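1. here is the input, now give the coordinates:
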Amino acid sequence: MPKNRLKVFKVHKVIKFALVLLTFSFLLYNLQSFSLAQYKLPQGNLKTTVSGVLGDFYLNITGYIAPFASIVLYDGNKVYLRATTADEKGYFRISEVLIKMGFSKFCFDAYDFKRLGESYSCQTISPATGSVTINDIFLPPTLGLSRTTIEAGGSTTAWGYSMPGAIVTLNFAGKNLTTKADQSGFYQFVLKNIDAGIYKLYAKAELNGKKSLDPQKKVELKSLSKADQAIAVTEDLLKKIWELLTTYWFIWIVVPVIILIIILLWRLSKMHRHHYLHHQYFVGY
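-> Next comes the predicted model:
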């Protein structure tokens with residue numbers, strides 16, 4: 001076989017191999033995605049009756065936070081118990097939650113109806129020896145930030161919801177700032193000229209002489225200098241690159257393509273290193 005035809009034959013073999021590898025990678029990726037997406041229900045015709053006791057006593061709670069807020073009740077181990085929504089005045093009721101003997105702590109995770117902020121608080125009681133009823137729990141205001149990362153010297157807005165007319169106190173940078181919630185329960189603080197640093201903010205409220213529970217979560221605000229911003233951008237870029245490199249489609253499709261391109265380039269460069277004459281003669285004296 002002539003050498004030029006042999007070279008073309010080798011290139012065709014490489015291309016065929018590349019197509020086969022790409023097809024295999026594509027099928028493998030799709031089969032893996034399909035296997036992860038499908039769910040098979042177990043087959044059988046046996047009937048089983050399961051019974052059990054979930055608790056010994058009942059827990060009944062009434063309270064208030066903000067109009068139309070969503071409230072989720074957990075036990076002290078962050079196990080879901082019940083969820084509800086406050087009425088148009090901000091009041092809520094959770095009734096007949098089964099609890100066990102010795103139950104002593106429960107927590108509330110709440111969000112205002114506009115999802116501007118969150119409120120998380122807990123209440124500790126004496127270990128339950130019977131059904132427990134607790135009334136008029138005042139939950140902390142929801143709290144969020146318009147921007148959680150800013151440039152040093154910049155500004156952001158801390159906002160959220162509480163009971164209409166409640167006095168809201170925001171703790172920021174060791175200082176207490178106060179304002180009054182409007183008729184919808186909305187409040188806000190405009191924070192300006194913030195020095196570089198990381199701050200933890202939390203909010204409390206008071207209504208008719210009664211104070212809210214202490215919040216168990218704080219909102220973090222980062223005020224970054226120029227150098228900190230450059231580091232943050234670099235870290236975010238590296239994180240996105242790493243996430244890209246560890247995705248299935250990149251591993252099973254892009255990586256084989258890159259490998260094949262490298263093989264093709266290497267083959268082509270190897271072919272062009274030698275140039276054969278049409279007629280070869282040995283000339284001697």
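
2. all helices of the protein, in order?
-> Secondary structure of the chain (DSSP state H): helices at 3-37, 226-245, 248-249, 255-271.

3. from Ser184, how far out is Ser223?
-> Note on Ser223: its distance to Ser184, by C-beta to C-beta, to the nearest Å, is 30 Å. C-betas here are computed from N, CA, C, even on glycine.

4. same check on Ser155?
-> Counting by C-beta to C-beta, the gap from Ser155 to Ser184 is 24 Å.

5. list the residues that contact the closest residue to Pro67 other than its chain neighbours.
-> Sequence neighbours aside, Gly90 is the residue nearest to Pro67 in space, at 4.8 Å (criterion: C-beta to C-beta, 6 or more residues apart in numbering). Counting by C-beta atoms under 8 Å, 6 or more residues apart in numbering, Gly90 makes contact with Tyr64, Ile65, Ala66, Pro67, Ala69, Met163, Pro164, Gly185.

6. and the residues you listed as JSON lines, adding neighbour count?
-> Shown next, in JSON lines, are these (neighbours: other C-beta atoms under 10 Å):
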{"residue": "Tyr64", "neighbour count": "22"}
{"residue": "Ile65", "neighbour count": "32"}
{"residue": "Ala66", "neighbour count": "33"}
{"residue": "Pro67", "neighbour count": "22"}
{"residue": "Ala69", "neighbour count": "28"}
{"residue": "Met163", "neighbour count": "27"}
{"residue": "Pro164", "neighbour count": "17"}
{"residue": "Gly185", "neighbour count": "27"}
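
7. I'd say Glu88 and Pro67 touch.
-> Yes: at 5.3 Å, Glu88 and Pro67 qualify as touching, with contact defined as C-beta atoms under 8 Å.

8. ok, for Phe92, nearest residue in space, not its chain neighbours?
-> Ala86 (4.4 Å).

9. just the endpoints, please. Distance across stretch 246-262?
-> Counting by C-alpha to C-alpha, to the nearest Å, you get 21 Å between the two ends of stretch 246-262.

10. count the neighbours of Lys218 for me.
-> 14 (other C-beta atoms under 10 Å).

11. same check on Gly63?
-> The number of residues near Gly63, taken as other C-beta under 10 Å, comes to 22.

12. do you know the pLDDT at the nearest residue to it once chain neighbours are set aside?
-> Counting by C-beta to C-beta, 6+ apart, the nearest residue to Gly63 once its immediate chain neighbours are dropped is Ile137, at 3.5 Å. With respect to pLDDT, Ile137 scores 97.

13. can I assume Ile137 is in contact with Thr62?
-> Yes: assessed by C-beta under 8 Å, Ile137 is found in contact with Thr62 at 7.3 Å.
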